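K.L.:
give me a 3D structure for the following:
(2 chains)
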Amino acid sequence: MSAFDRYLHAVLLAAEAEAREDGSAAMEARHALLAVAAQDGTEPQRVLAAAGLGRAELKAALDREFAHSLGAAGVAPGAFDLRATPDPGRRPPFGASLRLALDRMAGAHRKRDLTPLHLLDALLQAEVGTVPRALGLAGVDRAALAARVREAL
Amino acid sequence: MADDDPADALAAVAALRRLADRLEDSAVEQAMRTGWSWPQVAEALGVTRQAVHKKHAKRLIAAGVTLRRRG
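P.N.:
Below you'll find the predicted structure:
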């Protein structure tokens, strides 16, 4: 197993736990981004932290996006009791947004060239969807952040 | 609803689906904790008993909820 394979495996395991905790039917790009931010001592974590984005800040931004998007439909998430016990043994499948990011990464680079930053790059390339909306609402210049990741590659 | 911005409308659809999923988890757990049976929960949700059982049984057993088989 290469260093990148080990990194990807760790990220996907953490993303799975994020999806479970979130009560999400599938592992999505937003869960992978949280997982990337939580991998201590890695280059993607350093790049995100330099932009003020730790796991907690990203989680808060994603929660704001959820509330904001529900608000567009006139729904306040605080109006509902969403407490539910997660299934500790559930293995959420890959969701469409995560699959797209992984395909984007695999399509743009040879497998042996991949590094952890390539995964962050792929997650930041999405122009629509939950992740770019959350970053936008948090006042993050996604294009500039993506450019910094590209420079570091 | 922000009719003039498709991005907001599409994001609202995605968020409402997520909300509905989480609300289902919460409401089914609440019902089963208060003694509802699988057939009752299924009928109230408008889905089959098999579907609701498959989706929630393992989670509720892990949560220590006492499950009633019949209505």
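
K.L.:
residue contacts, residue A:68?
P.N.:
A:133, A:137, B:11 (CB atoms under 8 Å, 6 or more residues apart in numbering or on different chains). (Glycine included, C-beta is placed from N, CA and C.)

K.L.:
please redo it, this time with the cut-off set to 7 Å
P.N.:
Contacts for residue A:68 were tallied using CB atoms under 7 Å, 6 or more residues apart in numbering or on different chains; they are residue A:137.

K.L.:
need the residues of chain A near chain B, please.
P.N.:
Contact residues (CB under 7 Å from any CB of the partner chain) of chain A with chain B: A:23-25, A:66, A:69-70, A:72-75, A:77, A:80-85, A:87-89, A:128, A:130, A:133.

K.L.:
any buried residues in whichever helix in chain B runs longest, and which?
P.N.:
Using DSSP state H, we find that the single longest helix of chain B is helix B:6-33. Under the neighbour-count criterion of 16 or more other CB atoms under 10 Å in any protein chain shown, helix B:6-33 has B:8, B:11-12, B:14-16, B:18-19, B:21-29, B:31-32 buried.

K.L.:
same deal with stretch A:63-71?
P.N.:
Buried, per 16+ other CB under 10 Å, within stretch A:63-71: A:65-66, A:68-70.

K.L.:
roughly how far is it from the heart of the chain?
P.N.:
Centroid separation between stretch A:63-71 and its chain, computed with CA atoms, centre = their mean, to the nearest Å, is 16 Å.

K.L.:
ditto for stretch A:125-144
P.N.:
With CA atoms, centre = their mean, you get 11 Å for stretch A:125-144.

K.L.:
let's see it as CSV, backbone CA atoms only.
P.N.:
In CSV, the C-alpha atoms belonging to stretch A:125-144 read as follows (Å, rounded to 0.1, in the frame of the first residue of the first chain):
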residue,chain,number,x,y,z
GLN,A,125,-12.9,21.9,-7.8
ALA,A,126,-16.6,21.5,-7.4
GLU,A,127,-18.3,24.7,-8.4
VAL,A,128,-21.8,23.9,-7.3
GLY,A,129,-23.1,21.8,-4.4
THR,A,130,-22.9,21.9,-0.6
VAL,A,131,-19.1,22.4,-0.2
PRO,A,132,-18.7,25.4,-2.5
ARG,A,133,-21.8,27.0,-1.0
ALA,A,134,-20.6,26.4,2.5
LEU,A,135,-17.2,28.0,1.7
GLY,A,136,-18.9,30.9,0.0
LEU,A,137,-21.2,31.6,3.0
ALA,A,138,-18.2,31.4,5.3
GLY,A,139,-16.6,34.2,3.2
VAL,A,140,-13.8,31.8,1.9
ASP,A,141,-12.5,32.6,-1.6
ARG,A,142,-12.7,29.0,-2.9
ALA,A,143,-11.0,29.8,-6.2
ALA,A,144,-8.0,31.5,-4.4
